[in-house]
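Peer 1: Okay, here's the prediction I keep looking at, along with the sequence it came from:
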Amino acid sequence: MKLLSSLATWLGLALAGMLAGLKWWSLPCGTGWECGAVLHSRYGAWWGLPVGLYAIFVWLGAGYFPRRLRLLCLLALAAGSVWFVGVQAFGLRHFCPWCLAHAGATWAALAAWRTPPSRWAAPFGLLAAGLALVALFHVNGPAPAGDYSSLRDAGREAGQPWLGHLTPDGPVVVFSLTCPKCLELIGQVEQTDLSTRPEGPGVLLKTDEQNLELTIVFVAAVLAQGADRDAFLNVAAVLFSRDELVLGNPSGAADWLRGVFPAAAARRQEAEALVAAQHRALAGAKLPVVTPLLLRAGRGPATFFRVEEIFTDLPARPSGH
């Protein structure tokens, strides 16, 4: 039982830490399942903090508290796992394999609750979480070295002025409508006062087989609403109100958005041409393009950046906000 308790605590802490980091930095989960639709849904955070962060502290209590308090911690984790699996099954209708593995670790630890885990379980679990996040950061950013000037030049031609007027040396930002971090950044733009910032970046939308139709419908809706900053942010706000659907079922999100903006049908052909031009601009660069991606004159590409860096004339927020 000592081995079971130790391994379960190690695995539980490793998964809790990894899930907290994935949510905090809006990183892809690295699985073929609809993990992002679960982790980056509104159920993935409580009071503005990732659920996994709370789980880390409860696991630490389960590892180091006296016997009765350890049992209470494990019961809390077990109850939380039942609730979260229920949310996945009956609310979101998508499943996160890492979350399910965390639930399994919780129940394994509860089965061995009478035997405390080894002292190595907690620190090695947190170490495993850190190594997993470092690996995911390596895969998803910062952007690989390369000559992105051609991509930025192509972006100036194909990028749309949906976040403000374009300037000759202004930045270009690449979004994907099915990228959790992109949704977060656009949401931050919605909440930012842009009254003193008429200029903005050229906007490129990256497409793939899964989100192509959604992107076309989105662009058509923006064109139908006026093709300006307000139109882009208004359509984005409507779309991202269903972020779980967007991340988990892009084709279903396209059908839903088409119903919300019926006038978009008249602009579909124009939208298809614009999306195709943006795809050619991204493909022609022959460079790795992850999203979100910020391209600035005289500076390297950035995949992790604050909204203020898109609008360079805005004062930066204090660190930690």
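Peer 2: Perfect, thanks for sending it. Note that the structure is a prediction, hence the values are computed from the model and not measured.

Peer 1: Only C-alpha atoms from now on, for both contacts and neighbour counts.
Peer 2: Will do.

Peer 1: Break the chain into its domains for me.
Peer 2: 2-140, 149-309 (automatic domain parsing).

Peer 1: Save these as CSV, and put in mean pLDDT and mean neighbour count too.
Peer 2: As requested, these are exported to CSV (pLDDT from 0 to 100; neighbours: other C-alpha atoms under 10 Å):
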stretch, mean pLDDT, mean neighbour count
domain 2-140, 89, 19
domain 149-309, 90, 19
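
Peer 1: which other residues reach stretch 6-15?
Peer 2: Here stretch 6-15 makes contact (C-alpha atoms under 8 Å, 6 or more residues apart in numbering) with 55-56, 59-60, 63, 98-99, 101-102, 105-106, 108-109, 116-118, 121-122, 124-129.

Peer 1: Give me the secondary structure label for Val134.
Peer 2: helix (DSSP: H, G, I helix; E, B strand; the rest coil).

Peer 1: can you check the one 3 residues further on too?
Peer 2: For Phe137, the assignment made with three-state DSSP gives helix.

Peer 1: and it, what does it touch?
Peer 2: Leu27.

Peer 1: cool, and Leu183?
Peer 2: Leu183 neighbours (C-alpha under 8 Å, 6+ apart): Leu177, Phe240, Asp243.

Peer 1: run the last query once more with 7 Å
Peer 2: Phe240 (C-alpha atoms under 7 Å, 6 or more residues apart in numbering).

Peer 1: With Gly21 instead?
Peer 2: Counting by C-alpha under 7 Å, 6+ apart, the residues that Gly21 touches are Leu133.

Peer 1: State the phi and psi torsions of the residue lying farthest from the centre of the chain.
Peer 2: Residue farthest from the centre of the chain, counting by C-alpha atoms, centre = their mean, is Arg114 at 38.8 Å. Backbone dihedrals for Arg114, given as degrees, to the nearest 10, come out at phi -70, psi -20.

Peer 1: what's the closest non-adjacent residue to it?
Peer 2: Nearest residue to Arg114, sequence neighbours excluded (C-alpha to C-alpha, 6 or more residues apart in numbering): Arg67, at 7.0 Å.

Peer 1: Quick check: that neighbour vs Gly104, distance?
Peer 2: According to C-alpha to C-alpha, to the nearest Å, Arg67 stands 21 Å off from Gly104.

Peer 1: just Ala285 next, same as before
Peer 2: In terms of C-alpha to C-alpha, Ala285 sits 45 Å off from Gly104.

Peer 1: cool, and Gly61?
Peer 2: 18 Å.

Peer 1: On the three-state scheme, Val203 is what?
Peer 2: strand.

Peer 1: beta partners for it?
Peer 2: Listed beta-bridge partners, Val203: Gln160, Val173 (assigned using DSSP bridges).

Peer 1: Can you show me the helices along this structure?
Peer 2: Assigned by DSSP state H, the helices in the chain fall at 2-24, 35-39, 51-64, 67-86, 97-111, 121-140, 149-158, 180-190, 212-225, 229-240, 243-248, 250-260, 268-284.

Peer 1: mind checking which of these is nearest Phe311?
Peer 2: helix 180-190 (9.5 Å; C-alpha to C-alpha).

Peer 1: Compute the inter-axis angle for the closest one and helix 229-240.
Peer 2: 130 degrees (axes from the mean of the first three to the mean of the last three C-alpha atoms, to 10 degrees).

Peer 1: what is the orientation angle of helix 180-190 with helix 2-24?
Peer 2: 40 degrees.

Peer 1: how far does helix 180-190 sit from the chain's center?
Peer 2: 9 Å (C-alpha atoms, centre = their mean, to the nearest Å).

Peer 1: can you check stretch 297-307 too?
Peer 2: 17 Å.

Peer 1: could we number from 19 for the rest of this?
Peer 2: In the new numbering, first residue 19, that becomes stretch 315-325.

Peer 1: Quick check: end-to-end length of that stretch?
Peer 2: End-to-end distance (C-alpha to C-alpha), stretch 315-325: 17 Å.

Peer 1: Please apply the same query to stretch 64-73.
Peer 2: 11 Å.

Peer 1: now do stretch 155-172
Peer 2: Terminal residues of stretch 155-172 lie 27 Å apart, using C-alpha to C-alpha.

Peer 1: so who does Ser23 touch?
Peer 2: Ala127, Ala130, Thr133, Pro134, Pro135.

Peer 1: Nearest to Glu290 among the residues you listed?
Peer 2: Ala127 (53.0 Å).

Peer 1: Quick check: the gap between the closest one and Leu89.
Peer 2: Distance from Ala127 to Leu89, by C-alpha to C-alpha: 10 Å.

Peer 1: and if you look at Leu257?
Peer 2: 43 Å.

Peer 1: Then Phe322?
Peer 2: Relative to Leu89, and taking C-alpha to C-alpha, Phe322 is found at 40 Å.

Peer 1: swap in Gln178?
Peer 2: Counting by C-alpha to C-alpha - Gln178 and Leu89 are separated by 56 Å.
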